[in-house]
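Student: Here is the input, now give the coordinates:
(one chain, ligands or ions: 1)
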Amino acid sequence: MATCTYCGKKTGWFADHHDACFAQYQSTVAAVSKGVSEAIRKHNNEALVQLKNALNSIDKPASVSFSDLCLMALGDWQRAVDDACCTDRTALELTAEQIAFLILFLQTVFSWLQPLPPNFRELIARYHEQIMSLQVGDTIRRICLGEGIDRLAMGDPKVDSINYLPGEFPVIVVENVRVETAQTTYLRNYGGPSFRVAPGLYWRIGQSQGQARTSLVVDEHAGHLILTNMGIYYSNATDTFYTPCTQILKRVMWCPPNDLTPKAAIGMILNLRNGKQFGFLMGSPHQSLAFVKLLSLSSAGLIHEKEQLPTSN
Ligand SMILES: [Zn+2]
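Tutor: Below is the predicted model of the structure:
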């Protein structure tokens, strides 16, 4: 005899659940999904209170905890957001209030998890990614509408300790970035030089006799990138540098050689006017895409600070 996945009681031979228990589980999933859709449609603080009440009152199988319902709700978030947007999801079609609510939704429902699931670090990384995606989309939306953007991460010592140029302000911070550089040593009397066109990809001139020995060096210290409206700062434990947008000749996504799609992109390459090249390894395709997109807007001089409304004292 086996036991039912949903209620833990004995089932007949060759069955791992009772049909009634499975049906109850399915209706639980549907109820969570409905609650999430309603909350996102309403997008106000009250909607989150109502969602919590709805989750608390769902008739669910014994094996499903309240935290399980929260995890279902978090998992269903993407589907509900896609439903709320008419076309494919870009934050451009969401209002500032909707974006603020979607971020609050993830943060609030995550805070209801008690205890945290074993894979909580992975979940935090995923939700952080979704939040960043919305924030970048909102920033781009403001730029396109000519609204100007707020200074990001005020009070973050990493961002505030920089002596910005007059008129310069931070736009986005990306954590956990590594710099990759190529070190090439040419062996004497061997063939023509090879040029690095992308990390791991070389173009050799002349006859291929001998070899240029090139090694890619990834900095062991991860650091952070700060994009401003005028350039980028990179800083890690041992190194800090600034590259103004005017020095950047070309910026490209960096994809792994076996998968040249933006989806697989994991970094960005900058070609500088002085012939130098930097590869930045970022944690995710989305971060690289967002950074390259914002960097191109910054280079075009399209990012300006939001006008501060006069305060009445
Ligand atoms: Zn059962």
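Student: Going along the chain, name the helices of the stretch 151-300 of the chain.
Tutor: Per DSSP state H, counting those that start in this stretch, the stretch 151-300 of the chain carries helices over the ranges 157-160, 285-299.
Student: nearest to the ion, of the ones you listed?
Tutor: If you check each of these against the ion by C-beta to the ion, helix 285-299 wins as the nearest, at 40.4 Å. Using the backbone N, CA and C atoms, a C-beta is placed for each residue, glycine as well.
Student: Please identify the most buried of the helices of the stretch 151-300 of the chain.
Tutor: Comparing the helices of the stretch 151-300 of the chain by mean neighbour count (mean count of other C-beta atoms under 10 Å), helix 285-299 ranks first with a mean of 20.
Student: what is the rounded mean pLDDT of the helix or strand where residue 131 lies?
Tutor: In this structure, residue 131 sits in helix 120-144 according to DSSP states H and E. Mean pLDDT, helix 120-144: 83.
Student: Let me have the helices of the stretch 151-300 of the chain in a markdown table, extended by distance to the ion.
Tutor: Compiled in a markdown table, the helices of the stretch 151-300 of the chain are given as follows (distance: least, C-beta to the ion, whole Å):
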| stretch | distance to the ion |
| --- | --- |
| helix 157-160 | 52 |
| helix 285-299 | 40 |
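Student: Ok, which of those helices comes nearest residue 72?
Tutor: helix 285-299 (23.5 Å; C-beta to C-beta).
Student: Give me the angle between the closest one and helix 120-144.
Tutor: Per axes from the mean of the first three to the mean of the last three C-alpha atoms, to 10 degrees, the angle that helix 285-299 makes with helix 120-144 is 20 degrees.
Student: Now do helix 285-299: everything it contacts.
Tutor: Helix 285-299 is contacted by residues 129, 132-133, 136, 139-140, 143, 171-172, 174, 225, 227-232, 245, 248, 251-254, 262-268, 280, 282, 303 when judged by C-beta atoms under 8 Å, 6 or more residues apart in numbering.
Student: which among these end up buried?
Tutor: Among the contacts of helix 285-299, those classed as buried by 16 or more other C-beta atoms under 10 Å are 132-133, 136, 139-140, 143, 171-172, 174, 225, 227-232, 245, 248, 251-254, 265-268, 280, 282, 303.
Student: still on that earlier bit, for the helices of the stretch 151-300 of the chain, give me JSON lines that also has mean pLDDT.
Tutor: Formatted as JSON lines, the helices of the stretch 151-300 of the chain follow (pLDDT from 0 to 100):
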{"stretch": "helix 157-160", "mean pLDDT": "86"}
{"stretch": "helix 285-299", "mean pLDDT": "87"}
